[in-house]
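Novice: any chance you could fold what I've pasted below:
(2 chains)
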Amino acid sequence: MMGYIVTSQQDRRYNCVAHAANDYTHKWAFVPVAWPGYYWPSEAIKGDGIEVLVSVFEALGYEICAGDHLEDGYQKVALYVDQQGYWSHAARQEEDGSWSSKLGDLEDIRHRTPHALSGPDYGQVMYYMRRAKRGSHETTEEA
Amino acid sequence: MAGPFIGEWIEHQTLTYLYRYEFDQSDDTTTDQTASEEQDRDDSALQKAEIKRSVTPPRKIRPLDLRVQFNRLAEIWKRDTAHLSNITRRAMHPAYQRIIGMGSGAVPLILEEFRKGQLDDWFWALSAITGENPITADLAGNVEGMAEAWLRWGRATGYLNDSTEHLRPDSQTSE
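Specialist: This next block holds a predicted model:
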């Protein structure tokens, strides 16, 4: 991973999916062994495949789109899948077109492109999704 | 990385197996042996004694060993997976699976982590070991609330008791 700056302290209270959904108070994950446990939208598919992560953001009003370019009036997220087919990460596009990520239990970072995180740990970007811009903390209330 | 430690474990298991194999073989004797055979048996017994001295025998794991083992595994797991958000991937790590394999002995050690404010993703392990899940739907995703629910469960079930209360961070200033 290269070309990023750290923008927060470590925080175990939220993870990358929560961060991409503008929620800084919950950890989003589906865990079959301990359920209920982490937060997971009730409309979303339960599992660990990339389609599961797509369904999470569909539940938040996102739709699959073409690429990582900045589009006026839209928020975008990038969804990653690892080599085993697990969803591995979600990143969020910022106002200036750069991207931000929460790295598991570690820090928030800012990176120029979604591909800065591509590699053995996070795999590759599989989907970009977008939705029309709304209040920045609306998804927190949904959680 | 976990490699050297896992390697030690595999070596231990292998030597333990060899020890047990030799022990089992030693039972395969008869009573009508000749003196020569008895001499061979004595030599064999000596060789087995050497093996016993050179091989780590199976032993019962003491509580102190459990704590040391847990801390070592937890450190490996955190180091290798802290950057991951997918809990399934984190839980599939060999060190995490070995902690689950420690069984109920790991439960108070995990709860102590929570009590010290180390709110790592131990919820999978706790449910896998105990078959319980005290987390209610209103707490879903609230890591502090989830950990507190498990601490309440630990006190109610006796996994946490007075002898470990001193580990509580706020125990010196409250009550």
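
Novice: and residue A:35, how many neighbours?
Specialist: 16 (other CB atoms under 10 Å in any protein chain shown). For glycine as for every other residue, the C-beta is placed from the backbone atoms N, C-alpha and C.

Novice: check the secondary structure at it for me.
Specialist: For residue A:35, the assignment made with DSSP: H, G, I helix; E, B strand; the rest coil gives coil.

Novice: how far away is the residue lying closest to it once chain neighbours are set aside from residue A:87?
Specialist: Nearest non-adjacent residue to residue A:35, counting by CB to CB, 6 or more residues apart in numbering or on different chains: residue B:133, 7.3 Å away. The gap separating residue B:133 from residue A:87 is 23 Å, by CB to CB, to the nearest Å.

Novice: who's more crowded, those two?
Specialist: Taking other CB under 10 Å, residue B:133 and residue A:87 do not tie; residue A:87 has more neighbours (29 against 18).

Novice: helix, strand or coil for the residue nearest to that one when sequence neighbours are not counted?
Specialist: Closest residue to residue A:87 apart from its sequence neighbours, by CB to CB, 6+ apart: residue A:53 at 4.0 Å. Each residue gets one of three states, and residue A:53 gets helix by three-state DSSP.

Novice: residue A:53: neighbour count?
Specialist: Counted with other CB under 10 Å, residue A:53 comes out at 31.

Novice: show me the shaky parts of the chain.
Specialist: You didn't say which chain, so I picked chain A. A:1-2, A:34, A:135-143 (pLDDT under 70).

Novice: oops, I was thinking of chain B
Specialist: B:1-43, B:45-63, B:162-175.

Novice: and it, what are its domains?
Specialist: Domains of chain B are assigned by automatic domain parsing as B:3-54, B:63-160.

Novice: residues near the residue of chain B found nearest chain A, how many?
Specialist: With CB to the nearest CB, the shortest gap between chain B and chain A falls at residue B:141, namely 2.6 Å. Using other CB under 10 Å, residue B:141 has 23 neighbouring residues.

Novice: over to the residue nearest to it when sequence neighbours are not counted: give its phi and psi.
Specialist: Spatial nearest neighbour of residue B:141, excluding adjacent residues (CB to CB, 6+ apart): residue A:39 at 2.6 Å. Dihedral pair for residue A:39: phi -80, psi 140, per degrees, to the nearest 10.

Novice: who's in contact with residue A:39?
Specialist: A:18, A:23, A:26-29, A:143, B:140-142 (CB atoms under 8 Å, 6 or more residues apart in numbering or on different chains).

Novice: which parts of chain A sit against chain B?
Specialist: Contact residues (CB under 8 Å from any CB of the partner chain) of chain A with chain B: A:12-13, A:15-18, A:25-31, A:33-40, A:48, A:82, A:86-90, A:102-106, A:121, A:143.

Novice: one more pass at 7 Å, please.
Specialist: A:12-13, A:15-17, A:26-29, A:31, A:33-34, A:36-39, A:48, A:86-89, A:103-106, A:121, A:143 (CB under 7 Å from any CB of the partner chain).

Novice: the closest residue to chain B within chain A pairs with what?
Specialist: Per CB to the nearest CB, residue A:39 is where chain A lies closest to chain B, at 2.6 Å. Taking DSSP bridges as the rule, residue A:39 bridges to residue A:28.

Novice: next: residue A:74.
Specialist: Beta-bridge partners, per DSSP bridges, of residue A:74: residue A:132.

Novice: ok, it touching residue A:132?
Specialist: Yes - Residue A:74 is within contact range of residue A:132, at 6.2 Å (criterion: CB atoms under 7 Å).

Novice: and these two? which has more neighbours close in?
Specialist: Using other CB under 10 Å, the more surrounded residue of residue A:74 and residue A:132 is residue A:74, with 15 against 11.

Novice: just the buried residues of stretch B:150-163, please?
Specialist: Residues of stretch B:150-163 classed as buried: B:150-151, B:153-154, B:159-160 (neighbour count, 16 or more other CB atoms under 10 Å in any protein chain shown).
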